[in-house]
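1. everything below, folded, please.
(one chain, ligands or ions: 2)
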Amino acid sequence: MSLHIEAKVGDIAESILLPGDPLRAKYIAENFLQDAKCYNSIRNIFGYTGTYKGKKVSVQGTGMGIPSISIYVNELINEYGVKKLFRVGTCGAMREDVHVRDVVIAQGTTTDSGIIKSIFGSSINYAPLADFELLHKAYEISKQSDMAVKIGNVISEDRFYNDEIDRKKLTDYGILAVEMEAAALYTLAARYNVQALAIFTVSNHLLTGEETTAKARETSFNDMIKIALDTAIAD
Ligand SMILES: O=P(O)(O)O[C@H]1O[C@H](CO)[C@@H](O)[C@H]1O
Ligand SMILES: O=c1cc[nH]c(=O)[nH]1
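-> Ligands and ions are numbered 1, 2, ... in the order given. All right, here's what the predicted structure looks like:
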């Protein structure tokens, strides 16, 4: 048992999906995994282990923001030996060529979070990147299934409500979308020499104000979840 996860060592698979929303973890366990068992309910940040196509996979909520995901990622890697981590999150589209319900995969992340400065100081602008092997597999899987996927740079912002950031400049420099955790996932995965990939469903559009209905979101979430699970079990 770690401080925030009550599982025993061995209860959590080496490959894990990480939604921010603990109820999305429950949804994934109930709809995609066989024989899923809940191993964590501390703070209602649920975690489950089951099988997908015969292989052991876990899914763990991480909460919102870099401080929260950092706790779970640290404990999963260092206390439970997790090796492949897939964030399955929602994001807000920032460009016209990214649409609501698209799947976005973060090849790299940009961030205004203090995590980079707190590790590297002010003279290094570290670039948190996806694991290339996982990114390549996820891209191939999405192509085989004809899923619309955009791959590129996303911004992991510290504040959900942020009207002071220069979004025009960020989109001019290629940022596709905004979310709140991937930069920490990629930075910690690099630090501990494990593999990580962040996959998103676009839940809203920052330019048009468009949002998804709960039902539409569920279907497009499913594409993201399938890409993550099939990549998680690929050899
Ligand atoms: O849907 P999740 O995975 O929580 O991700 C996004 O949604 C939350 C904000 O509503 C933040 O955690 C953001 O990164
Ligand atoms: O962080 C997030 C996640 C989804 N949509 C947003 O606008 N921001």
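
2. hey, C-alpha coordinates of stretch 199-211 in PDB?
-> Coordinates of the C-alpha atoms in stretch 199-211 are reproduced here as PDB (Å, rounded to 0.1, in the frame of the first residue of the first chain):
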ATOM      1  CA  ILE A 199      -4.300  10.500 -25.700                       C
ATOM      2  CA  PHE A 200      -7.200  12.900 -25.600                       C
ATOM      3  CA  THR A 201     -10.800  13.400 -26.800                       C
ATOM      4  CA  VAL A 202     -11.600  17.000 -27.700                       C
ATOM      5  CA  SER A 203     -14.500  17.800 -25.400                       C
ATOM      6  CA  ASN A 204     -14.900  21.500 -26.300                       C
ATOM      7  CA  HIS A 205     -13.500  24.100 -28.700                       C
ATOM      8  CA  LEU A 206     -12.000  27.300 -27.400                       C
ATOM      9  CA  LEU A 207     -12.400  29.300 -30.600                       C
ATOM     10  CA  THR A 208     -16.100  28.400 -31.400                       C
ATOM     11  CA  GLY A 209     -17.400  27.600 -27.900                       C
ATOM     12  CA  GLU A 210     -18.700  24.300 -29.200                       C
ATOM     13  CA  GLU A 211     -19.200  21.600 -26.600                       C
END
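
3. which residues does that stretch contact?
-> 86-96, 98-106, 138, 154, 167, 177-179, 212, 217, 220-221, 223-224, 227-228 (CB atoms under 8 Å, 6 or more residues apart in numbering). Every C-beta, even on glycine, is put in place using the N, C-alpha and C of the backbone.

4. cool, stretch 110-118 as well?
-> Outside stretch 110-118, the residues that touch it by CB under 8 Å, 6+ apart are 66, 70, 124-126, 128, 153-158, 165, 170, 175, 183-184, 187.

5. just the buried ones from the residues you listed?
-> Buried members of the contacts of stretch 110-118, counted by 16 or more other CB atoms under 10 Å: 66, 70, 128, 153-158, 170, 175, 183-184, 187.

6. got JSON lines for the residues you listed, with secondary structure too?
-> Putting the buried ones among the contacts of stretch 110-118 into JSON lines (DSSP: H, G, I helix; E, B strand; the rest coil) gives the following:
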{"residue": "66", "secondary structure": "helix"}
{"residue": "70", "secondary structure": "helix"}
{"residue": "128", "secondary structure": "coil"}
{"residue": "153", "secondary structure": "strand"}
{"residue": "154", "secondary structure": "strand"}
{"residue": "155", "secondary structure": "strand"}
{"residue": "156", "secondary structure": "strand"}
{"residue": "157", "secondary structure": "coil"}
{"residue": "158", "secondary structure": "coil"}
{"residue": "170", "secondary structure": "helix"}
{"residue": "175", "secondary structure": "strand"}
{"residue": "183", "secondary structure": "helix"}
{"residue": "184", "secondary structure": "helix"}
{"residue": "187", "secondary structure": "helix"}
